[in-house]
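Visitor: Structure for this input, please:
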Amino acid sequence: MGEIRTFIAVDVPAQCKQRIADLQKELRAYPGRVTWTRAEGIHVTLKFLGNVEATRIDAVAEALARAVRGAQRPRLCARGTGAFPSWRSPRVFWIGVEDEGGNLARIQRAVEEELEGLGFPREGRPFTPHLTLARVKAPGSVAAMVARLREVDFRTEPFEAEEILVMRSDLKPQGAEYTPLRRVPIG
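Guide: Next up, the predicted model:
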């Protein structure tokens, strides 16, 4: 069956994606070499797994079910803008995700623990929940876009995450396409 480029994510509501699409439309008016994330595919990544044998996807979903069993559903809000690694030398533009009560962070740690048991190494970087707006191809070309993005007061209504997803990522010339493989209810 082969391997599937796989990650674990939380989806966001359609109205949040629409607000982000509107912001992307505004930012496209500024010069800069960037690749925009497709609004319909915007999500909060909990863990990137890389290429996974298709036969292991069910075991991944079972590990996630153990990780979220009895967990409280995270109450989230998309708020603020930022850049990785910094505004001075951006490689990724993002929208921040507020995790009221810290439930998303607890779930992310539980996901790391359960998947480590299946042989997936823990992420070395601290978890910073965010929604990727764009990937910057030439940091020197986006100064005006950075200035505008730093001024944006972005905020959505709070929403509750009801499930985590095992996602397939297919890299295509027009951008990555994401497909849910399994849905795991939280709680």
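Visitor: How about the contacts made by Ala110?
Guide: Ala110 makes contacts with 67-68, 71, as judged by Cβ atoms under 8 Å, 6 or more residues apart in numbering. To be clear about C-beta, it is placed using only N, CA and C from the backbone, and glycine gets the same treatment.
Visitor: does it sit in a helix or strand, and which one?
Guide: Counting by DSSP states H and E, the element that carries Ala110 is helix 103-116.
Visitor: now swap in Ile4 and tell me
Guide: Secondary-structure element containing Ile4, defined by DSSP H and E: strand 3-11.
Visitor: Off-centre distance for that strand?
Guide: Centroid separation for strand 3-11 versus its chain: 10 Å, with Cα atoms, centre = their mean, to the nearest Å.
Visitor: List the neighbouring strands of it plus their orientation.
Guide: strand 43-53 (antiparallel), strand 163-170 (antiparallel) (DSSP bridges).
Visitor: Help me confirm that Arg183 is found in a strand?
Guide: Yes - with DSSP: H, G, I helix; E, B strand; the rest coil as the criterion, Arg183 is assigned to a strand.
Visitor: Report pLDDT for it.
Guide: Among the per-residue scores, Arg183 holds a pLDDT of 98.
Visitor: Ok, Met1 next?
Guide: Model confidence at Met1, expressed as pLDDT, equals 66.
Visitor: Would you confirm that Leu131 contacts Ile20?
Guide: Yes - between Leu131 and Ile20 there is a contact at 6.5 Å, judged by Cβ atoms under 8 Å.
Visitor: which neighbours do these two share?
Guide: Common neighbours of Leu131 and Ile20 (criterion: Cβ under 8 Å, 6+ apart): 42, 78, 95.
Visitor: Report the rounded mean pLDDT for the strand or helix carrying the second one.
Guide: Think Ala78. For Ala78, the element it lies in under DSSP H and E is strand 75-84. Strand 75-84 shows an average pLDDT of 97 in the prediction.
Visitor: low-scoring pLDDT stretches of the chain, where are they?
Guide: Counting by pLDDT under 70, the chain contains low-confidence residues at 1.
Visitor: Tell me which residue is most central in it.
Guide: Val44 (2.7 Å; Cα atoms, centre = their mean).
Visitor: Quick check: it vs Ser141, distance?
Guide: Distance check for Val44 against Ser141: by Cβ to Cβ, to the nearest Å, it reads 28 Å.
Visitor: Now do the helix holding Ala110: distance to the chain's middle.
Guide: Here helix 103-116 shows a centroid-to-chain-centroid distance of 15 Å under the convention Cα atoms, centre = their mean.
Visitor: May I see the buried residues of that helix?
Guide: Residues of helix 103-116 classed as buried under the neighbour-count rule (16 or more other Cβ atoms under 10 Å) are 103-104, 106-108, 110-112, 114-115.
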